[in-house]
Each structure stands twice: as C-alpha cells, then as structure tokens.
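Student: Here's a sequence, model it:
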Amino acid sequence: MNNVTITGRLTADPELRVTGKGDHMVRFTVAVDRETAEKEADFIRCVAFRHSAEFLSKYCNKGDVVGVAGKIRTGSYDEKDSGRKVYTTDIYADRVEKLHAHKPKADYPNNGTAVYTDTIPGADMSGEVNDDGEELPF
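Tutor: Numbering: from 1, shown residues only. Got it, this is the predicted structure:
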C-alpha cells in the first residue's frame, strides 16, 4: 500500500505550469517539522496536477500550512555535466488542502504575541440579568 499524508508549510509560492499534454502542474516543497528538541524540518518535494495544481497556484502562498495526501514515487536521471545518476523521491498529490494562511508577525496585534481576555470588549459583565430585569442567582 502506497499512501502518505503530510502537513507543513509551503517553502515558496506555487507556480502553475502546463505539461506537454496540456495538463496543469505545480511542483512545490513542504517543510514538515520534526518532533525533536531542536527546530528541525524535513523538506518534502511534491507534485500536483490539474485541479489541485490550479487550487495551489490560485489560493496558496509561501508559508501557508497545507495538508497533502498522495503516493510516493521514486525516479532517477543522469546529471548532464557529470553523468552521475541522481535519485528522486516525490509525493504525487491526490489531494491538497489549505489548512492555515500564513500571516507575518507584523500583521498580528502586539507583534505576534497572543492576548487573552476574560471579557468581551464593550460587554457589561457586572451581573447577569434575566428577561424580567432581575439579577440571576448564579
């Protein structure tokens, strides 16, 4: 069984290309974090065709978190200059989903730090009142 699913960030803006047969295609790389103490990632090469390729090029940008489901394909080619054999491993995407859009820290309030509040801005939380105008016992 050859199935793979990854989640990570796009390393570059996807660029739509057209194959010799006229199909749309996008080659892209997804940075997948490793679960280690150090900040490490694996950079997984992927290929998407037709509707998935169009979706990626239209709605996804560098830094967006995407989910990719597909199949692993291996291949090889001879390097032009040295004649050395180069081996490749790619995920051929059956399905691609944009999970989260990337926002630079400068676009977040408070420079990317989260602010949690216990109240809703502008709401009077001094006491709950029922429909009769009386305060509730809890």
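
Student: only C-alpha atoms for contact and neighbour calcs from this point on.
Tutor: OK.

Student: Give me the below-cutoff pLDDT ranges for this structure.
Tutor: 103-138 (pLDDT under 70).

Student: mind checking how far the residue nearest to Val66 when sequence neighbours are not counted is from Glu79?
Tutor: Nearest residue to Val66, sequence neighbours excluded (Cα to Cα, 6 or more residues apart in numbering): Lys98, at 4.5 Å. Distance of Lys98 to Glu79, given as Cα to Cα, to the nearest Å: 34 Å.

Student: dump the residue contacts of Val68.
Tutor: With contact set as Cα atoms under 8 Å, 6 or more residues apart in numbering, Val68 has these partners: 5-7, 93-97.

Student: related to what we said a few turns ago, compare Lys98 and Glu79 (neighbour count), which wins?
Tutor: Each of Lys98 and Glu79 has its neighbours counted (other Cα atoms under 10 Å); Lys98 has more, 17 against 10.

Student: surely that one meets Asp64?
Tutor: Yes: contact criterion Cα atoms under 8 Å: Lys98 and Asp64 qualify, at 7.2 Å.

Student: residue ranges for the strands of the protein, please.
Tutor: With DSSP state E as the criterion, the chain has strands at 4-10, 17-18, 24-33, 41-49, 65-78, 85-100.
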